[in-house]
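Chemist: when you get a sec, could you give me coordinates for this:
(chains A, B, C and D)
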There are 4 protein chains.
Amino acid sequence: MARKPIRSDLAWSTVDRIVVRGKDLPGEIIGHLNLGDMAFLELTGKVPNEKESKLFNAMAVTLVEHGVTPSALAARLTFLGAPEAMQAAVAAGLCGLGSVFVGSTEGVAKMLSETTDVAKLLENKRIPGLGHPLHKPVDPRTRRLFELARETGHYGKYCKAMEEIAKAKNLVLNATGAIGALACELGLDWRAVRGIGVMARAVGLVGHLLEESRQPIAEEVWHRIEDEASSHLKPK
Amino acid sequence: MARKPIRSDLAWSTVDRIVVRGKDLPGEIIGHLNLGDMAFLELTGKVPNEKESKLFNAMAVTLVEHGVTPSALAARLTFLGAPEAMQAAVAAGLCGLGSVFVGSTEGVAKMLSETTDVAKLLENKRIPGLGHPLHKPVDPRTRRLFELARETGHYGKYCKAMEEIAKAKNLVLNATGAIGALACELGLDWRAVRGIGVMARAVGLVGHLLEESRQPIAEEVWHRIEDEASSHLKPK
Amino acid sequence: MARKPIRSDLAWSTVDRIVVRGKDLPGEIIGHLNLGDMAFLELTGKVPNEKESKLFNAMAVTLVEHGVTPSALAARLTFLGAPEAMQAAVAAGLCGLGSVFVGSTEGVAKMLSETTDVAKLLENKRIPGLGHPLHKPVDPRTRRLFELARETGHYGKYCKAMEEIAKAKNLVLNATGAIGALACELGLDWRAVRGIGVMARAVGLVGHLLEESRQPIAEEVWHRIEDEASSHLKPK
Amino acid sequence: MARKPIRSDLAWSTVDRIVVRGKDLPGEIIGHLNLGDMAFLELTGKVPNEKESKLFNAMAVTLVEHGVTPSALAARLTFLGAPEAMQAAVAAGLCGLGSVFVGSTEGVAKMLSETTDVAKLLENKRIPGLGHPLHKPVDPRTRRLFELARETGHYGKYCKAMEEIAKAKNLVLNATGAIGALACELGLDWRAVRGIGVMARAVGLVGHLLEESRQPIAEEVWHRIEDEASSHLKPK
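Modeler: Residues are numbered from 1 along each chain as shown, chains lettered A, B, ... in the order given. The predicted structure follows:
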């Protein structure tokens, strides 16, 4: 059977060279790019200019730490059972970044990459990126991110469309909505956008696991919940 | 039963405020810290100064992209079956960052946090962070990272110890060895050090999944390997 | 804030008793139920009768082992990096059981739980459970499973509907299609159906990891693919 | 470079045949083996005889359901964020089956596969499989499993050794200790033993996710814990 070729353009190395995305790793990346710039390089194949760097890093840091989320709890509970495998605890935490939480950034970017016609967009039954249980009428992250977008010349049609939609719906434009729009402004492929949240949360989850190793909560959470959950079943 | 308190110091929010590690997220973090700085804040509770930022970001970007590793392949093969759940594909890729690959950074940091007495260290049967199948006699990443360590005033006893050990063992000091030592120079808790690799690879894995969505290899890998693996069993 | 109660009806224990789903674990389960029966109990709250046991176990064993699948490869590649954490390698393998592979059982069960009107079902653009790249015109697993369904009195309207659909579409009714239909015949909740494949594959993945520990292939897969994937980038 | 062959002996298929571990899947497995037997076949290459089947299934069902464990909570919290990816929620739950919980079965089997000399074994600093926070002085699962071992002619030197050790240490021989010993009696490779717990819990986790989809607790757990965890940080 004829075989298809297998190709990846991301990296190669020889005895004395390591090249990532066409850049010499020791000579052009290490000491030159910060972690957010490196992510931008991975997602676009280009080193960001100063403005892109500022905005992309801002988007990423926004998503790093949201306190004791379901994802952070899952990671901590996993670490309780397998402290020798921190990577698996981070992995467990990431598994929940689906349609309900971080995934909405992708939904916004995908939607806007199809059209920015607000009237058309408003025909959608469910529009991602809107509403927040706590931060209303304004999500302070959105305000700050759009301020940076203006500063760096990236406040354009995608941001405008989301702001108009939020206004029309009388809902707050939340941080995932802002980030989805900004990803479009930066020309990112919508298929990479959920990944911004995934990588950012990986950073935050390491923080949670370090805290868990010093100031554990998972065991207490477990005992409380288990006791309550089964108390109606036990003989009195 | 008396209960233990449940506490996390990482973040809190109210209607109009979001505070992470004691810093106002919109006011002091977004637009001010890059993603590596944010990771440093998560791991130490402190915003890095310029030199720490440069070195820590350098360490992190070193670990982002190593081409088609087992971890990247696992992520791509997972994505083939569940393209709707990119987060789970990243998670699958992270699960393999254990004792054999990225975990050695942790081993080095733990070892050096116990002693930097080279004679004592050389008594260990297995010393992590040494040797490389390809990059010898010098790992170009180590050279570059230690150059930056000198530049930023972080080349100290931990780096020296590892260099002496590598010399005594006549083995290359690889990038994970260098990063383990530098983590100690920066005062990071050894329990967080594997996490630097985990977060960095999360970034790289998103890059692989984006490439997989455009230029897939997983299906071809699967068919080739499956065919070869079972060909001796099939009737001729 | 008023709190909602937290309740789970699955299990409870005291010093000398352990009760699962209302059954005494040592007295009524261990030594009485096989692993498939136990799964049935978990999913329905009932111990299966002999016929249900036979059919449900048949469905589950069908999905255990499919050779070197993408999922098995992901597990083996993960194990290469973290052999100390076999559970994480199984987890990595499971992460890919999404919409493309095992998930189609769920699709079939959900579809049939809404209607068994074949004319209506044929209006769907995409019908899951049909077609197979290799097994045609008959999937031998489907034939066998439906034979058992007849034997145990569980060949009913769901099986019939799928067979008619396959005929109308001139496609093979594959094993996931048969299992989706049989799950409906057994009265299982469609939301549990993907889980049959997930648990079955967990069994198979342990088999793969045991083989990998004795007769490894992951490292060779990695080297071959990495070499080929980056060969076009390297200087000649 | 010369390549190593890639081989797996687990399964093969052609247009009309599917063979797993040398057995015809439709003809010799489906309808003949229950899920535990299939697991035994995967782990040993042999179909269990009636006694082996009884004992192995008993071991596996013992580990399926332990109520609201950290692992079950991690799965449920993951499902809250990604209900479309049940497989990833099961995966998250499995990631925590490490050294602290289920992994001890492996520790016992490995230890006993090296020696059954009780005096020597007692020299070990830490002996896995002993002690239980709740079930004392007897773990009712151990009693039942050893009863079945006697019934099926599998109560031998491994079981005896563990019972003597427990007596000497004045600790309860818990279910994981019993299962580790029984795995040795059945001739299982110690490297497969953690896998028995992993596959069993995969079954149980599907049960938890089905219950979570009907009677959710994850969101309430999250809100309670998040509120308490950060209450000391918030302005009064």
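Chemist: point to the residue nearest the middle of chain A.
Modeler: residue A:197 (0.7 Å; CA atoms, centre = their mean).
Chemist: isn't that residue up against residue A:108?
Modeler: No: counting by CB atoms under 8 Å, residue A:197 stays clear of residue A:108, with 11.4 Å between them. Where C-beta positions appear, they are placed from N, C-alpha and C, glycine not excepted.
Chemist: any idea which element the residue nearest to the centre of chain A lies in?
Modeler: Per DSSP states H and E: residue A:197 is located in helix A:193-214.
Chemist: so that helix, near chain C or not?
Modeler: No: Helix A:193-214 does not reach chain C (CB under 8 Å from any CB of the partner chain); its nearest approach is 12.9 Å.
Chemist: and that helix, what's its mean pLDDT?
Modeler: What helix A:193-214 shows for mean pLDDT is 98.
Chemist: give me the buried positions along it.
Modeler: A:193-212 (16 or more other CB atoms under 10 Å in any protein chain shown).
Chemist: and those near chain B, which?
Modeler: Okay, of these touching chain B (CB under 8 Å from any CB), that's A:194-196, A:198-200, A:202-204, A:206-211.
Chemist: separation between residue A:235 and residue D:3?
Modeler: 64 Å (CB to CB, to the nearest Å).
Chemist: list the contacts for the nearest residue to residue A:154 once chain neighbours are set aside?
Modeler: Nearest residue to residue A:154 in three dimensions, chain neighbours excluded: residue A:185, at 4.4 Å (CB to CB, 6 or more residues apart in numbering or on different chains). By CB atoms under 8 Å, 6 or more residues apart in numbering or on different chains, residue A:185 lies in contact with A:55, A:149, A:154, A:155, A:156, A:158, A:159.
Chemist: closest to residue C:229 out of those residues?
Modeler: Set against residue C:229, the nearest of the contacts of residue A:185 by CB to CB is residue A:55 (31.9 Å).
Chemist: quick one, strands of chain A?
Modeler: A:11-13, A:18-20, A:23-24 (DSSP state E).
Chemist: buried deepest among these, which one?
Modeler: Mean neighbour count (mean count of other CB atoms under 10 Å in any protein chain shown) peaks for strand A:18-20 among those, with a mean of 25.
Chemist: residues of chain A that sit close to chain D?
Modeler: Going by CB under 8 Å from any CB, the residues of chain A near chain D are A:67-71, A:73-75, A:77-85, A:88-89, A:91-93, A:95-103, A:217-219, A:221-222, A:225-226, A:229-230.
Chemist: nearest to chain B, out of the strands of chain A?
Modeler: For chain B, the closest of these is strand A:11-13, at 3.8 Å, according to CB to the nearest CB.
Chemist: relative to residue A:194, how far out is residue A:9?
Modeler: 22 Å.
Chemist: picking up where we left off before, who has more neighbours, residue A:235 and residue D:3?
Modeler: residue D:3 (10 against 7; other CB atoms under 10 Å in any protein chain shown).
Chemist: stretch A:164-177 and chain B, are they touching?
Modeler: No: taking CB under 8 Å from any CB as the criterion, stretch A:164-177 and chain B are apart, separated by no less than 9.2 Å.
Chemist: any residues touching that stretch, and which ones?
Modeler: Under CB under 8 Å, 6+ apart, the answer for stretch A:164-177 is A:62-63, A:102, A:104-105, A:108, A:118, A:121-122, A:127-132, A:135-139, A:141-142, A:145, A:162-163, A:197.
Chemist: and it, end to end?
Modeler: With CA to CA, to the nearest Å applied, stretch A:164-177 spans 12 Å between its terminal residues.
Chemist: got the buried residues for that stretch?
Modeler: Neighbour-count burial for stretch A:164-177 [16+ other CB under 10 Å]: A:164, A:165, A:166, A:171, A:172, A:173, A:174, A:175, A:176, A:177.
Chemist: of those residues, which is the nearest to chain D?
Modeler: Using CB to the nearest CB, those come closest to chain D at residue A:176, 12.7 Å.
Chemist: and the closest one, how far from residue C:20?
Modeler: In terms of CB to CB, residue A:176 sits 40 Å off from residue C:20.
Chemist: then residue A:177?
Modeler: Applying CB to CB to residue A:177 and residue C:20 gives a distance of 44 Å.
Chemist: how about residue A:116?
Modeler: Residue A:116 is 54 Å from residue C:20, by CB to CB.
Chemist: same deal with residue A:220?
Modeler: Counting by CB to CB - residue A:220 and residue C:20 are separated by 25 Å.
Chemist: how about residue A:101?
Modeler: In terms of CB to CB, residue A:101 sits 32 Å off from residue C:20.
Chemist: what does residue A:193 give?
Modeler: Distance of residue A:193 to residue C:20, computed by CB to CB: 43 Å.
Chemist: near chain C, anything from stretch A:32-50?
Modeler: No: shown here: stretch A:32-50 not in contact with chain C (CB under 8 Å from any CB), separated by at least 13.1 Å.
Chemist: any residue of that stretch up close to chain B?
Modeler: Yes: residues of stretch A:32-50 contacting chain B under CB under 8 Å from any CB: A:33, A:34, A:35, A:36, A:37, A:38, A:39, A:42, A:43.
Chemist: export those residues to CSV and tack on neighbour count and pLDDT?
Modeler: What follows is these, written out as CSV (neighbours: other CB atoms under 10 Å in any protein chain shown; pLDDT from 0 to 100):
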residue, neighbour count, pLDDT
A:33, 25, 98
A:34, 24, 98
A:35, 31, 98
A:36, 31, 98
A:37, 24, 98
A:38, 32, 98
A:39, 30, 98
A:42, 24, 97
A:43, 26, 97
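Chemist: residues near residue A:150, how many?
Modeler: Counted with other CB under 10 Å, residue A:150 comes out at 10.
Chemist: also residue A:158?
Modeler: 24.
Chemist: what of residue A:30?
Modeler: Neighbour number of residue A:30 under other CB under 10 Å is 26.
Chemist: next up, the contacts around it.
Modeler: So residue A:30 contacts B:58, B:61, B:62, B:141, B:144, B:145, B:148 (CB under 8 Å, 6+ apart).
Chemist: ok, now residue A:44?
Modeler: Contacts of residue A:44 by CB under 8 Å, 6+ apart are A:186, A:187, A:188.
Chemist: could you measure from the residue nearest to the second one when sequence neighbours are not counted over to residue A:62?
Modeler: I take that to be residue A:187. Of all residues not flanking residue A:187 in the chain, residue A:44 sits nearest, at 7.1 Å (CB to CB, 6+ apart). Residue A:44 sits 19 Å away from residue A:62, going by CB to CB.
Chemist: got any ranges where chain A has weak pLDDT?
Modeler: Applying pLDDT under 70 to chain A flags residues A:1-2.
Chemist: residues of it that sit close to chain C?
Modeler: So far as CB under 8 Å from any CB goes, chain A lies against chain C at A:5-9, A:11-12, A:14, A:19, A:82, A:84-85, A:87-88, A:91-92, A:95, A:225, A:228-230, A:232-235.
Chemist: which among those residues count as buried?
Modeler: A:6-8, A:11-12, A:19, A:82, A:84-85, A:87-88, A:91-92, A:95, A:225, A:228-230, A:233.
Chemist: pull the residues that contact stretch A:202-213.
Modeler: A:63-66, A:68, A:71-72, A:75-76, A:79-80, A:83, A:86, A:89-90, A:93-94, A:218, B:8-10, B:35, B:38-39, B:42-43, B:90, B:94, B:189, B:191-192, B:195-196, B:198-199, B:202-203.
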